[in-house]
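Trainee: sequence plus the predicted model coming up.
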Amino acid sequence: MIAMPPPIVLLRKMAELGRAADYTQAGVTDPVTVRHARNRKPVRGEVPAISLILVSDDPQPDEFDRNAWEKVRQMVVDVQVDVDLPTEESQIDDTGMAILMMMIAVFVASLRGPDQTWLDQLCDVVLMGSLEPDDRSKPDDGRMTRALTVLYRVRSDDENVLLAAGENG
């Protein structure tokens with residue numbers, strides 16, 4: 001039987017943890033939709049929204065491998081946040097970016113969690129990458145993307161098998 005591909009396992013866990021986060025810390029009182037992008041932008045009823053976009057999943061050079069039975073892979077995921085921005089007159093967010101950045105911060109914190117279970121059980125490390133505002137969005141529609149890099153291990157003879165305590169003890 002073929003195992004679920006590691007990027008799917010990791011993406012599903014990221015979404016699960018993101019859905020459980022408390023976004024009121026970011027000043028968001030409406031429910032936040034956390035989902036996989038599936039090649040479309042969020043529709044009006046899904047905003048505020050966080051979309052997980054798989055960018056790449058690449059093998060790392062052999063010097064990153066821990067032993068002859070394990071290979072290290074690097075998955076890059078864009079975490080895209082969409083919100084309806086408050087008006088400038090409201091003085092809630094004079095930059096038009098604070099809510100976006102705070103939502104991303106809450107999402108990333110949910111991956112790390114208080115007990116580091118995410119890191120310990122499924123992957124080796126999650127690194128924050130570039131932060132990119134979307135200048136093409138309409139003035140009242142905020143969008144920002146943060147790249148995350150996830151390093152994880154697979155079997156050398158079958159890279160479809162995730163080597164993680166949360167998967168195979």
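Mentor: Yep, it's here.

Trainee: surely Val161 is in contact with Tyr152?
Mentor: No - using C-beta atoms under 8 Å, Val161 is not in contact with Tyr152; the gap is 11.2 Å. Just so you know, the C-beta spots here come from the backbone N, C-alpha and C atoms, and that holds for glycine as well.

Trainee: which neighbours do these two share?
Mentor: Pro6 (C-beta atoms under 8 Å, 6 or more residues apart in numbering).

Trainee: who's more crowded, those two?
Mentor: Each of Val161 and Tyr152 has its neighbours counted (other C-beta atoms under 10 Å); Tyr152 has more, 23 against 18.

Trainee: what's the closest non-adjacent residue to that one?
Mentor: Among residues not flanking Tyr152 along the chain, Cys123 sits closest, at 4.0 Å (C-beta to C-beta, 6 or more residues apart in numbering).

Trainee: the one you found reaches Leu10, doesn't it?
Mentor: Yes - under the criterion of C-beta under 8 Å, Cys123 makes contact with Leu10 at 6.4 Å.

Trainee: shared neighbours of these two, which are they?
Mentor: In contact with both Cys123 and Leu10: 150, 152, using C-beta under 8 Å, 6+ apart.

Trainee: neighbouring contacts of whatever helix or strand Met102 lives in?
Mentor: Element membership of Met102 [criterion: DSSP states H and E] is helix 98-112. The contact list for helix 98-112 (C-beta under 8 Å, 6+ apart) reads 14, 17-18, 20-23, 25-28, 32, 34, 48, 50, 79, 81, 83, 85-86, 92-93, 118-119, 126, 128, 131, 133, 142-144, 146, 148.

Trainee: select only the buried ones of the residues you listed in PyMOL?
Mentor: With 16 or more other C-beta atoms under 10 Å as the criterion, this PyMOL line picks the buried residues out of the contacts of helix 98-112:
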select buried, resi 14+17+18+21+23+26+28+32+34+48+50+79+81+83+85+86+93+118+126+142+143+144+146+148
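
Trainee: where does pLDDT dip in this structure?
Mentor: Counting by pLDDT under 70, the ranges of the chain that qualify are 39, 64-66, 87-90, 113-120, 135-140, 168-169.

Trainee: what about the helices in it?
Mentor: Taking DSSP state H to define them, one finds helices in the chain at 6-19, 98-112, 117-122, 165-168.
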